[in-house]
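Asker: Here is a sequence together with a model predicted from it:
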Amino acid sequence: MQLNTRTIEGTKASEIYVTAVPTPGADVKEQADELFTGISSFLDSKSARILQEWVFATKQAIQIIRLIRTKAYGRLNDEVEPTWLVVPEGVNGQFAGVQVHAVADGQTPEILYSEGTACGRILHGQKWAYLTLSSICSHAAGDAKQQARTMFEKAESILKQKGIDFNSVPRTWIWLDDILSWYDDFNTVRNHFFIERGLIVSGKKNKVPASTGIGIGTNNGVMCAMDIAALIGPDGSIEYLESGGNQQSAFDYGSAFSRASKAATPAGTTVFVSGTASIAKDGTTMYIGDAEAQIQTSISNVQAVLKEMGCSDNDVVQSTAYCKTREVEQLFCDKWSGLPRPNITAIADVCREELLFEIEATAVVADC
């Protein structure tokens, strides 16, 4: 097992990021027991509470993992489920790994509910609050486009419970089943929603979240689901990088997300770098058929954005690499293992058939 931890000691709280990757070749039960026991022990040693959690595994493995996680976590269990992400078997087997964002500040996050179901957490500070939502979706909304629209509206309704809306959201993660069959439709829905809400205004700088939209389904059978990080704070607390590094605005080719965003979080300032692929300034795909070149270009694009936002690879606390095939995943693991980042890999379709790789990153700089 690889248990990679990053602890950011702020003046008011400590933020903790855990990336846990199982030992390849081991039985799923053994992998899960080792990983969740290790995560639990580490978070207990910090007196930490979970804010957000992602589990990547095959559908079959998830059925095994759930009970083991519950038993191992003990006091860490609350009513909020992790985001269960269904991925094909990869280099580590049926269980790709776990990512956790936690906080230690002496308080227990408040649980948020939607339609009677726990769906998120909120941590209150003196002048701010940090809010997370997990697996927001709609089972009964109709086709994929209707599900996407309802997903955004449902998330907005939960945010409004706390007096905020999407203007307070620096980061979304959007999980799209069968992405290649309807990504254009999804973009149409998201674009219209953000335009209606005033996040996109002609002639003005867009205020859309950094985001990942990736071809991974969740464990609940819907076409799309969304995770959110939001900040309740003074106006101007979130900074958006619409175009940056080596890439222009994604909205130029029809996709409404910022290249990165920056926001105050419990222990300091967090930079969220969106899912980034090998896309040129004019919006075309670079290095079609060349996985190695696509990987290097994607990583270089992320590094350029990090630099523009005032940080570097050394500040990265969490990173996810999405690989089209197991062969691409193996190539990334073999050639880029030296990156100074806690990284997890998962097999997934990217938003275009010819894109073989996408990577995202979260970096934190502690307050002083």
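Answerer: Cool, got the structure.
Asker: pLDDT below threshold where in the chain?
Answerer: Within the chain, the set of residues satisfying pLDDT under 70 comprises 368.
Asker: Where do the helices of the stretch 151-300 of the chain begin and end?
Answerer: Counting by DSSP state H, counting those that start in this stretch, one finds helices in the stretch 151-300 of the chain at the ranges 183-196, 291-308.
Asker: So for stretch 173-192, what gets flagged as buried?
Answerer: The neighbour-count check on stretch 173-192 (16 or more other C-beta atoms under 10 Å) flags 173-177, 179, 182-183, 186-191 as buried. The way it works is simple: take the backbone N, C-alpha and C, and place the C-beta from them, glycine included.
Asker: Would you mind measuring from residue 122 to residue 264?
Answerer: 15 Å (C-beta to C-beta, to the nearest Å).
Asker: Over to residue 177?
Answerer: Between residue 177 and residue 264 the computed distance is 33 Å (C-beta to C-beta).
Asker: try residue 60
Answerer: 41 Å.
Asker: neighbour count winner among these two?
Answerer: residue 264 (20 against 12; other C-beta atoms under 10 Å).
Asker: The residue lying closest to the more buried one once chain neighbours are set aside: neighbour count?
Answerer: In space, and not counting its chain neighbours, residue 264 is closest to residue 237: 5.6 Å by C-beta to C-beta, 6 or more residues apart in numbering. Look at residue 237: counted by other C-beta under 10 Å, it has 15 neighbours.
Asker: How about the contacts made by residue 237?
Answerer: If you count contacts by C-beta atoms under 8 Å, 6 or more residues apart in numbering, residue 237 has them with 128, 231, 263, 264.
Asker: My guess is the third one contacts residue 270. True?
Answerer: Yes: between residue 263 and residue 270 there is a contact at 5.8 Å, judged by C-beta atoms under 8 Å.
Asker: one step back: in strands only, show me the contacts of residue 237.
Answerer: Here DSSP state E is the test, and the contacts of residue 237 give 231, 263, 264 as lying in strands.
Asker: For residue 120, list each beta-bridge partner.
Answerer: residue 112, residue 133 (DSSP bridges).
Asker: Report the separation between it and residue 105.
Answerer: With C-beta to C-beta as the criterion, residue 120 and residue 105 are 18 Å apart.
Asker: got the contact list for residue 128?
Answerer: Going by C-beta under 8 Å, 6+ apart, the list of residues near residue 128 reads 231, 232, 233, 234, 237, 264.
Asker: In this model residue 127 seems to touch the second one, though I could be wrong.
Answerer: This means residue 232. No: Residue 232 is beyond contact range of residue 127, at 9.5 Å (criterion: C-beta under 8 Å).
Asker: Specify which residue of those two has the higher count of neighbours.
Answerer: Neighbour totals were compared for residue 232 and residue 127, and residue 232 leads with 19 against 10 (other C-beta under 10 Å).
Asker: ok, the more buried one to residue 286 distance?
Answerer: On the measure of C-beta to C-beta, residue 232 and residue 286 end up 39 Å apart.
Asker: Grab the nearest non-local neighbour of residue 277.
Answerer: Nearest non-adjacent residue to residue 277 (C-beta to C-beta, 6+ apart): residue 358, at 4.4 Å.
Asker: so what's that neighbour up against?
Answerer: Taking C-beta under 8 Å, 6+ apart as the definition, contacts of residue 358 comprise 212, 214, 275, 276, 277, 298, 321, 322, 348, 350, 351.
Asker: Would you format the residues you listed as TSV with distance to residue 138 included?
Answerer: Compiled in TSV, the contacts of residue 358 are given as follows (distance: C-beta to C-beta, whole Å):
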residue	distance to residue 138
212	20
214	19
275	23
276	28
277	28
298	31
321	29
322	24
348	22
350	24
351	22
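Asker: Among the residues you listed, which lie within strands?
Answerer: 212, 214, 275, 276, 321, 322.
Asker: how close does the fifth one sit to residue 51?
Answerer: Using C-beta to C-beta, one obtains 22 Å as the distance from residue 321 to residue 51.
Asker: before we move on, what about the first one?
Answerer: Separation of residue 212 from residue 51 (C-beta to C-beta): 18 Å.
Asker: The third one now?
Answerer: For residue 275, the distance to residue 51 (C-beta to C-beta) stands at 20 Å.
Asker: Could you do the last one as well?
Answerer: Applying C-beta to C-beta, one obtains 22 Å for the distance of residue 322 from residue 51.
Asker: Specify which residue of those two has the higher count of neighbours.
Answerer: residue 322 (28 against 24).
Asker: Roughly how far does the more buried one sit from residue 35?
Answerer: The gap separating residue 322 from residue 35 is 20 Å, by C-beta to C-beta.
Asker: what do you get for residue 18?
Answerer: Distance from residue 18 to residue 35, by C-beta to C-beta: 10 Å.
Asker: anything in contact with each of the two?
Answerer: Common contacts of residue 18 and residue 35 (C-beta under 8 Å, 6+ apart): 3, 98.
Asker: any idea which element residue 15 lies in?
Answerer: Element membership for residue 15 (DSSP states H and E) is strand 14-21.
Asker: neighbouring strands for that strand, and are they parallel or not?
Answerer: By DSSP bridges, strand 14-21 pairs with strand 2-9 (antiparallel), strand 95-104 (antiparallel).
Asker: among those strands, which is nearest residue 143?
Answerer: Closest approach to residue 143 among these (C-beta to C-beta): strand 95-104, 29.3 Å.
Asker: mind saving the C-alpha coords of the closest one as PDB?
Answerer: Presented in PDB, the C-alpha positions along strand 95-104 are these (Å, rounded to 0.1, in the frame of the first residue of the first chain):
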ATOM      1  CA  PHE A  95      -9.500  -1.200  -6.600                       C
ATOM      2  CA  ALA A  96      -7.700   1.900  -7.900                       C
ATOM      3  CA  GLY A  97      -7.500   3.800  -4.700                       C
ATOM      4  CA  VAL A  98      -9.000   6.400  -2.300                       C
ATOM      5  CA  GLN A  99      -8.600  10.200  -2.000                       C
ATOM      6  CA  VAL A 100      -9.700  12.000   1.200                       C
ATOM      7  CA  HIS A 101      -9.800  15.700   2.100                       C
ATOM      8  CA  ALA A 102     -10.100  16.200   5.900                       C
ATOM      9  CA  VAL A 103      -9.700  18.900   8.500                       C
ATOM     10  CA  ALA A 104      -8.500  19.100  12.100                       C
END
